[in-house]
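# coords please:
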Amino acid sequence: MRERRPDTRDVCDAIAITWETLNHVELAERAAAKGCHMLLEEPLATTMEGCDPIEAAVQQAGVSFMQSFPKRFDPVNHELKCLVDDGELGRITLMRVRHGHLYGLMSGAAVPGGRTGRASAHRFCETGDYGRSQCSWPGVTSLVVGES
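Numbers count the residues shown, from 1 in each chain. Below you'll find the model as predicted:
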């Protein structure tokens with residue numbers, strides 16, 4: 001006989017929200033309303049205004065919140081930042097960052113959840129944030145331009 005487990009909504013203390021950005025606000029609000037502490041993947045929302053309801057829900061519920069930004073702790077990026085800070089690369093006048101997810105190489109059917117259309121359009125926003133973050137390091141550049 002299969003063991004019956006309690007509903008996770010009744011026993012969950014913390015949650016990691018890793019679904020597509022389009023759903024972050026709703027999922028974060030639901031988690032906060034249940035009293036769940038959360039780790040939310042970047043970017044938080046598709047617009048700056050979209051972050052406001054997340055912040056409000058977290059503050060109202062009094063739960064802990066953390067944004068995931070793993071590329072900031074990537075050893076390669078750390079070394080690159082040290083080279084920039086030490087002046088080893090000279091004056092940087094142009095920076096091109098290439099980064100992507102494996103899902104870009106897969107067909108829509110192979111992507112988890114079959115993410116296509118509107119949801120997949122935000123992949124630039126999700127992966128482009130890594131490059132934007134690196135370009136905004138102090139001493140790297142004063143102008144950031146992006147294309148989609």
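
# Count the neighbours of residue 67 for me.
Per other CB atoms under 10 Å, the neighbour tally for residue 67 reads 13. C-betas here are computed from N, CA, C, even on glycine.

# With residue 52 as the reference, measure out to it.
Per CB to CB, to the nearest Å, residue 67 is found 15 Å from residue 52.

# can you check residue 17 too?
In terms of CB to CB, residue 17 sits 17 Å off from residue 52.

# Spell out the residue ranges of the helices in this structure.
Per DSSP state H, the chain carries helices over the ranges 8-11, 24-33, 51-61, 75-85, 118-121, 123-135.

# worst average pLDDT in those?
Here the helices of the chain differ in mean pLDDT, and the lowest is helix 118-121 at a mean of 48.

# got the contact list for the residue nearest to residue 60 when sequence neighbours are not counted?
In space, and not counting its chain neighbours, residue 60 is closest to residue 32: 7.1 Å by CB to CB, 6 or more residues apart in numbering. Going by CB atoms under 8 Å, 6 or more residues apart in numbering, residue 32 touches 38, 57, 58, 60, 61, 63.

# redo that, cut-off 10 Å
15, 38, 53-63, 65 (CB atoms under 10 Å, 6 or more residues apart in numbering).

# just the buried members of those residues?
Buried by 16 or more other CB atoms under 10 Å: 15, 38, 53, 54, 57, 58, 61, 63, 65, out of these.

# Next up, the contacts around the first one.
Remark: with contacts taken as CB under 10 Å, 6+ apart, residue 15 is in contact with 8, 27-28, 30-32, 34, 36-40, 63.

# With the third one instead?
Under the criterion of CB under 10 Å, 6+ apart, the contact list for residue 53 reads 24, 25, 26, 28, 29, 32, 45.
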